[in-house]
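S.K.: next come a sequence and a model predicted from it.
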2 protein chains.
Amino acid sequence: MFYLIGLGLVDPMDISVKALEIVKRCSRVYLETYTSILGCHKEELEVFYGRPLLLADRDLVEEKSDEILTGASEEEVALLVVGDPFGATTHIDLALRARDKKIPYKVIHNASIITAVGCCGLQLYKFGEIVAVPFWDETWKPESFYEKIKFNRLHNMHTLCLLDIKVVEPTAESPIRRRRQIMRFMTVADAAQQLLAIVDRKNALEHNTVLNDLSMCVGLARVGSETQRIVAKTLHDMASTDLGGPLHCLIIPSKELHPLEIEYLQGYATFKLDSYNY
Amino acid sequence: MFYLIGLGLVDPMDISVKALEIVKRCSRVYLETYTSILGCHKEELEVFYGRPLLLADRDLVEEKSDEILTGASEEEVALLVVGDPFGATTHIDLALRARDKKIPYKVIHNASIITAVGCCGLQLYKFGEIVAVPFWDETWKPESFYEKIKFNRLHNMHTLCLLDIKVVEPTAESPIRRRRQIMRFMTVADAAQQLLAIVDRKNALEHNTVLNDLSMCVGLARVGSETQRIVAKTLHDMASTDLGGPLHCLIIPSKELHPLEIEYLQGYATFKLDSYNY
């Protein structure tokens, strides 16, 4: 049996009781380490589970999946994934490869940032399509995420922006990188800056009131942890906001909010929301 | 401290290790019983947790929340909720009331049907707004959910339809109802029949190809359980499909599917998907 197991969002104890039993008895357990990260290190998970974990980087999951699935018809093998396993396409693909090989597989679900963001008070059934905001570099500055945010705003839906992470794989050469992963993550400030750059350029060309630097947005950091932070600010102010360590995400709310959403979100806001034109 | 604790989707073992520790040490633990249900009874949860649970019906959660929050400043009190706690507006409202009373509170996240439906292979970032399909009666036949499905289809997004449940509260008079809840839940067949009734009437008035009786839809039952079922069929065929016990949900996919979505969903389909006009 091959198990795709969701770990939830923060620490070793976010695993479900059911999943923990499976992890303890599997022959091999892989930890997927490149689509997202938990708020703790592999070593902490190993201590908590009382067993070793094998790191599964992009190359192993996407190119060498046969290695992960080897023997899974006879013995139990698990891949641990941050959040809920089918949040990332790559895990659907892995399940498909198990099916093609006639290897039985099961998914053990867990909390995902997609629903956990409900903790800011914005109603989950009012979210439109999720967008992924990638890191820009000197030459590559994709803007497609802006069009989706604009579309959602025009149709009175919230947009959850999942922010890019860059994972540096451990190497045998570097003592530091052998111990743990070095990672770059996009902060809410990074995301707000990129969004502002697009908004400023678009609004110079065509006057639009869909989104501008005074639009309200919600920044969330380390959702579900003891150090969770939520702030509601203008996009302009979010661009200089430091919410601390990873992971962050950003929500661009719809222009119209339900009174309960306003009341709840007010607890995180830097200005009075009920008299504000979002 | 007041805890809002997600139980996940199926059985007692879907609780997280973190949440189980909290449940064991709380002074009072309420089980919310009207926005959704687990695949097991209160008694099974009590045995697994090794402690009694108090039933929290709609009246208690929405009208008498003071009773739930009593003493939560000094001791630990928890409300257990199926899925992820902030999926339902009523739990946001309860957190707000805790905040107003200056009672510290925490949310313990868990799996939600909103992301667990990824198990059918449709990509989560392509879902538009979620719709709730209510039971119709003789005089009340709301159709607003159809407009949202149509909108999502027109904009190439999947629609997750969450299906109504009716909970009958336990009463002191009836021995059966005192033991457990009697519930009516909407099946994928019920939902497909209601949707077909709307589609047939709309399509008679205005020819539209957005949705018709041959459109493909995906029915899911008991997601995350050992008896989970997933089927992809025409809307017409779904209207006579029996997927067994609760809970069910229905997905109306977008008209365009990604090759990986087609490949994965094919495993649950009654016809060849790649040559089909959805």
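M.R.: Right, received. Where do you want to start?
S.K.: how far away is the residue nearest to residue A:185 when sequence neighbours are not counted from residue A:82?
M.R.: Nearest non-adjacent residue to residue A:185, counting by C-beta to C-beta, 6 or more residues apart in numbering or on different chains: residue A:246, 4.0 Å away. C-beta: built from backbone N, CA, C; applies to glycine. According to C-beta to C-beta, to the nearest Å, residue A:246 and residue A:82 sit 11 Å apart.
S.K.: before we move on, what about residue A:158?
M.R.: Applying C-beta to C-beta to residue A:158 and residue A:82 gives a distance of 23 Å.
S.K.: what sits against residue A:34?
M.R.: A:57-58, A:61, A:167, A:169 (C-beta atoms under 8 Å, 6 or more residues apart in numbering or on different chains).
S.K.: give the helix, strand or coil label for it.
M.R.: Using DSSP: H, G, I helix; E, B strand; the rest coil, the structure places residue A:34 in coil.
S.K.: can you put the contacts of residue A:34 in CSV and add neighbour count?
M.R.: Shown next, in CSV, are those (neighbours: other C-beta atoms under 10 Å in any protein chain shown):
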residue, neighbour count
A:57, 18
A:58, 14
A:61, 23
A:167, 17
A:169, 13
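S.K.: from those, which is closest to chain B?
M.R.: residue A:61 (14.5 Å; C-beta to the nearest C-beta).
S.K.: now do the contacts for the closest one.
M.R.: A:32, A:34, A:68, A:79, A:90, A:94.
S.K.: residues in contact with the longest helix seen in chain A?
M.R.: Taking DSSP state H as the assignment, the helix of chain A that covers the most residues is helix A:188-205. Residues outside helix A:188-205 that contact it (C-beta under 8 Å, 6+ apart): A:133, A:135-136, A:141, A:143, A:146, A:149, A:161, A:163, A:208, A:211-213, A:217, A:219-221, A:231, A:235-236, A:238-243, A:248-250, A:252.
S.K.: count the residues that sit near the nearest residue to residue A:258 once chain neighbours are set aside.
M.R.: With C-beta to C-beta, 6+ apart as the criterion, residue A:258 has its nearest non-adjacent residue at 6.4 Å, and that residue is residue A:123. When neighbours are counted by other C-beta atoms under 10 Å in any protein chain shown, residue A:123 registers 20.
S.K.: cool, residue A:139 as well?
M.R.: 5.
S.K.: check which helix or strand covers it.
M.R.: Under DSSP states H and E, no helix or strand contains residue A:139.
S.K.: residue A:157 and chain B, how far apart?
M.R.: 6 Å (C-beta to the nearest C-beta, to the nearest Å).
S.K.: check residue A:92 too.
M.R.: Counting by C-beta to the nearest C-beta, the gap from residue A:92 to chain B is 6 Å.
S.K.: repeat that for residue A:111.
M.R.: Distance, residue A:111 to chain B, by C-beta to the nearest C-beta: 4 Å.
S.K.: need the contact list for that residue.
M.R.: A:6, A:8-9, A:14, A:83-84, A:224, B:6, B:16, B:84, B:109-112 are the contacts of residue A:111 under C-beta under 8 Å, 6+ apart.
S.K.: ok so it is a helix residue?
M.R.: No - per three-state DSSP, residue A:111 lies outside any helix segment and is coil.
S.K.: surely residue A:79 is in a strand?
M.R.: Yes - if the criterion is three-state DSSP, then residue A:79 is within a strand.
S.K.: for it, which non-adjacent residue is spatially closest?
M.R.: Using C-beta to C-beta, 6+ apart, the closest residue to residue A:79 is residue A:30 (4.7 Å).
S.K.: name the SS class of that neighbour, please.
M.R.: Residue A:30 ends up strand, using three-state DSSP.
S.K.: ok so, going back, just the buried ones from the contacts of helix A:188-205?
M.R.: Among the contacts of helix A:188-205, those classed as buried by 16 or more other C-beta atoms under 10 Å in any protein chain shown are A:133, A:135-136, A:146, A:149, A:161, A:163, A:211-213, A:217, A:219-221, A:231, A:235, A:238-239, A:241, A:243, A:248-250, A:252.
S.K.: narrow the contacts of residue A:34 to those in helices?
M.R.: residue A:58.
S.K.: wait, which of the contacts of residue A:34 is closest to residue B:266?
M.R.: residue A:61 (22.2 Å; C-beta to C-beta).
S.K.: distance check, whatever residue of the stretch 101-250 of chain A ends up closest to chain B against residue B:99.
M.R.: Residue nearest to chain B within the stretch 101-250 of chain A: residue A:118 (3.0 Å; C-beta to the nearest C-beta). According to C-beta to C-beta, residue A:118 and residue B:99 sit 15 Å apart.
S.K.: the two: who's more crowded?
M.R.: Legend: neighbour count by other C-beta under 10 Å for residue A:118 and residue B:99, higher for residue A:118 (25 against 15).
S.K.: quick one: that one and residue B:88 touch, right?
M.R.: No - contact criterion C-beta atoms under 8 Å: residue A:118 and residue B:88 do not qualify, at 9.2 Å.
S.K.: how about the helices of the stretch 101-250 of chain A, start to end?
M.R.: A:113-116, A:144-154, A:175-179, A:188-205, A:235-238 (DSSP state H, counting those that start in this stretch).
S.K.: out of the ones you listed, deepest packed?
M.R.: helix A:113-116 (a mean of 26; mean count of other C-beta atoms under 10 Å in any protein chain shown).
S.K.: do that one and chain B meet?
M.R.: Yes - counting by C-beta under 8 Å from any C-beta of the partner chain, contacts between helix A:113-116 and chain B involve A:114-116.
S.K.: distance to residue B:44 added to these, as JSON lines?
M.R.: Formatted as JSON lines, the residues of helix A:113-116 next to chain B follow (distance: C-beta to C-beta, whole Å):
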{"residue": "A:114", "distance to residue B:44": "29"}
{"residue": "A:115", "distance to residue B:44": "25"}
{"residue": "A:116", "distance to residue B:44": "26"}
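S.K.: which one of those residues is nearest to residue B:263?
M.R.: Nearest member of those to residue B:263, counting by C-beta to C-beta, is residue A:114, at 23.0 Å.
S.K.: which pLDDT value goes with residue A:184?
M.R.: Looking at residue A:184, its pLDDT is 87.
S.K.: for the residue of the stretch 101-250 of chain A closest to chain B, list the residues it contacts.
M.R.: Residue A:118 neighbours (C-beta under 8 Å, 6+ apart): A:124, B:84-87, B:92.
S.K.: quick check, nearest of those residues to residue A:264?
M.R.: residue B:92 (5.7 Å).
S.K.: so how far is chain A from that closest one?
M.R.: 6 Å.
S.K.: got a list of contacts for whichever strand or helix holds that residue?
M.R.: Using DSSP H and E, residue B:92 maps to helix B:89-100. Contacting residues not belonging to helix B:89-100 are listed as A:118, A:121, A:123, A:260, A:263-264, A:267, B:2, B:4, B:32, B:35, B:61-62, B:65-66, B:68-69, B:72, B:79, B:81, B:85-86, B:104-105, B:107 [C-beta under 8 Å, 6+ apart].
S.K.: alpha carbons only: can I get it in CSV?
M.R.: Output of helix B:89-100 as CSV, limited to C-alpha atoms (Å, rounded to 0.1, in the frame of the first residue of the first chain):
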residue,chain,number,x,y,z
THR,B,89,-20.0,31.2,9.3
THR,B,90,-21.5,30.2,12.6
HIS,B,91,-18.1,29.3,14.0
ILE,B,92,-16.6,32.6,13.0
ASP,B,93,-19.4,34.2,14.9
LEU,B,94,-18.6,32.1,18.0
ALA,B,95,-14.9,33.1,17.8
LEU,B,96,-16.1,36.7,17.6
ARG,B,97,-18.2,36.4,20.7
ALA,B,98,-15.2,34.9,22.5
ARG,B,99,-13.1,37.9,21.4
ASP,B,100,-15.8,40.4,22.5
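S.K.: quick check on residue A:16: phi, psi?
M.R.: phi -80, psi 160 (degrees, to the nearest 10).
S.K.: and the pLDDT for it?
M.R.: Confidence score, pLDDT, at residue A:16: 98.
S.K.: on that earlier part again, if we compare the helices of the stretch 101-250 of chain A, which one ends up closest to residue B:39?
M.R.: The closest of the helices of the stretch 101-250 of chain A to residue B:39 is helix A:113-116. By C-beta to C-beta, the value is 19.0 Å.
S.K.: since that was my last question, I'll sign off now.
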